[in-house]
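*Asks:* what's the 3D shape of this:
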Amino acid sequence: MTLIEPAVADTAADLNTAAGKDGQAGPAFPAFPAFDGPGVAVQVSEVSAVHREVSYARTVGFRPLTMDIWLPRTGRGPVPGPVPLVLWVHGGAFQLGDRRELPPTFPADSVFSRLNAAGIACATVDYRLALEAPFPAQLHDLKAAVRYLRAHAQELGIDPERFGAWGESAGGHLARAAGPDRRPG
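*Replies:* A predicted model of the protein is given here:
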């Protein structure tokens with residue numbers, strides 16, 4: 001089992017074909033982007049550049065789901081080769097929290113910049129909270145974020161085969177639930 005499952009239909013054209021009968025196209029679905037491209041990263045320190053407010057999923061009836069993607073940099077630009085990535089999942093008892101917030105004992109942005117200094121990218125994701133959508137919506141949101149990151153891996157310079165997940169409190173629970181199941185047998 002991998003961190004994500006393949007999408008059933010990748011485009012509106014696939015949905016239109018799938019909705020039809022006997023090979024005939026079904027009703028037309030509107031062109032609705034499910035997400036935006038990562039855009040341009042902003043250099044925030046010697047070791048970090050950040051793509052902020054990247055919309056990784058739009059779910060009808062909910063706010064757009066966004067993430068910040070922290071990429072390691074050297075003084076001369078991106079680090080060589082595709083780099084591993086850690087998905088940071090915020091805590092908050094499944095009821096509150098934000099991708100930009102770390103536990104109060106951590107300095108602001110310290111986890112993200114330290115990962116970048118070690119040559120590791122970090123994506124900090126927002127997910128629908130429990131009062132917005134019942135579980136397992138939060139898990140579905142994290143898996144959508146991983147699908148997004150894998151789809152844009154080359155553009156971002158990350159290795160789609162070397163992802164990890166890390167979180168605190170409720171985020172730790174979600175990180176574990178989103179990860180691969182590697183039980184023996």
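*Asks:* wait, what's in contact with the most centrally placed residue in the chain?
*Replies:* The chain has Ala145 as the residue nearest its centroid, 2.7 Å off, counting by C-alpha atoms, centre = their mean. By C-beta atoms under 8 Å, 6 or more residues apart in numbering, the residues touching Ala145 are 56-57, 65, 67, 87, 123, 125, 127. Placement of C-beta: from N, CA and C, glycine included.
*Asks:* repeat that with 7 Å
*Replies:* Contacts of Ala145 were listed using C-beta atoms under 7 Å, 6 or more residues apart in numbering, and they are 56, 67, 87, 123, 125.
*Asks:* cool, and Ala177?
*Replies:* Leu139.
*Asks:* And what about it, helix, strand or coil?
*Replies:* The three-state label given to Ala177 by DSSP: H, G, I helix; E, B strand; the rest coil is helix.
*Asks:* Leu142 now?
*Replies:* helix.
*Asks:* ok, so what distance separates it from Glu155?
*Replies:* 21 Å (C-beta to C-beta, to the nearest Å).
*Asks:* Give the residue from those two that has the larger number of neighbours.
*Replies:* Neighbour count, other C-beta atoms under 10 Å: between Leu142 and Glu155, Leu142 has more, with 26 against 10.
*Asks:* Low-confidence ranges, this protein, go.
*Replies:* The chain contains residues with pLDDT under 70 at 1-35, 75, 180-185.
*Asks:* mind listing the helices in it by residue range?
*Replies:* 12-19, 110-117, 137-151, 153-156, 170-178 (DSSP state H).
*Asks:* For Arg52, find the nearest of these.
*Replies:* helix 110-117 (11.6 Å; C-beta to C-beta).
*Asks:* Now the closest one: buried residues?
*Replies:* 111-113, 115-116 (16 or more other C-beta atoms under 10 Å).
*Asks:* Give me the helices and strands touching it, please.
*Replies:* Judged by 3 or more C-beta pairs under 7 Å, 6 or more residues apart in numbering; DSSP states H and E, the packing partners of helix 110-117 are strand 48-57, strand 65-74, strand 121-125.
*Asks:* and the contacts of Ala145, which are buried?
*Replies:* So, by 16+ other C-beta under 10 Å, the buried ones in these are 56, 67, 87, 123, 125.
*Asks:* okay, the helices of the chain, which one's buried deepest?
*Replies:* Burial of those is given as mean neighbour count (mean count of other C-beta atoms under 10 Å); helix 137-151 ranks first at a mean of 21.
*Asks:* centre of the chain versus that one, how much separation?
*Replies:* Computed by C-alpha atoms, centre = their mean, to the nearest Å, the chain-centroid distance of helix 137-151 equals 5 Å.
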